[in-house]
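Undergrad: One predicted model, sequence on top.
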Amino acid sequence: MTVDVVLDSIGPAVWQNCFTSLRRGGRFVTCGATSGQTIELHIPSLFFKQHEIIGSTLGSQAEFEQVTQILAQGLPSTIDRVVPLSEYPLALERLREGSQFGTIVLDHGKN
């Protein structure tokens, strides 16, 4: 099965699977890089299938501030777990497996 649009917030760990699922002329929207910041791209696949790559922050700074304020006022959010920064590779593996339910928070130990 192929799709028209893929929205990815993970990055390199899912990049190839995302592109494989796109139909000819499909759009790939990326808004995050939790699994890394660098990808390898097979360029002929991009132009032969006429894919579009779109970068997005998924909102403006004002929208981010509004959502942050709503959360501060008590909107429930689901945190899968809080992980020390030193265990980042384990948190990343949990994301790769898709076994988290909610957000994984990295604690850098500074308040």
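TA: Perfect, I can see it now. Residues are numbered from 1 along each chain as shown.

Undergrad: what's the pLDDT at Pro89?
TA: The model reports Pro89 with a pLDDT of 89.

Undergrad: what's the helix or strand for it?
TA: Using DSSP states H and E, Pro89 falls within helix 88-97.

Undergrad: Counting neighbours, which bits of that helix end up buried?
TA: Ala91, Leu92, Arg94, Leu95 (16 or more other Cβ atoms under 10 Å). (Glycine included, C-beta is placed from N, CA and C.)

Undergrad: now do stretch 28-40
TA: Phe28, Val29, Thr30, Ala33, Thr34, Ser35.

Undergrad: Of the residues you listed, just say which sits nearest to Gly102.
TA: Thr34 (13.7 Å; Cβ to Cβ).

Undergrad: For that closest one, give me its contacts.
TA: Ser9, Ile10, Gly11, Leu92, Leu95 (Cβ atoms under 8 Å, 6 or more residues apart in numbering).

Undergrad: separation between Leu106 and Pro89?
TA: With distances taken as Cβ to Cβ, to the nearest Å, Leu106 is found 11 Å from Pro89.

Undergrad: longest single helix anywhere in this structure?
TA: Using DSSP state H, we find that the single longest helix of the chain is helix 61-72.

Undergrad: which residues sit against that one?
TA: With contacts defined as Cβ under 8 Å, 6+ apart, helix 61-72 is touched by Gly59, Ser77.

Undergrad: So which bits of it are buried?
TA: Buried, per 16+ other Cβ under 10 Å, within helix 61-72: nothing.
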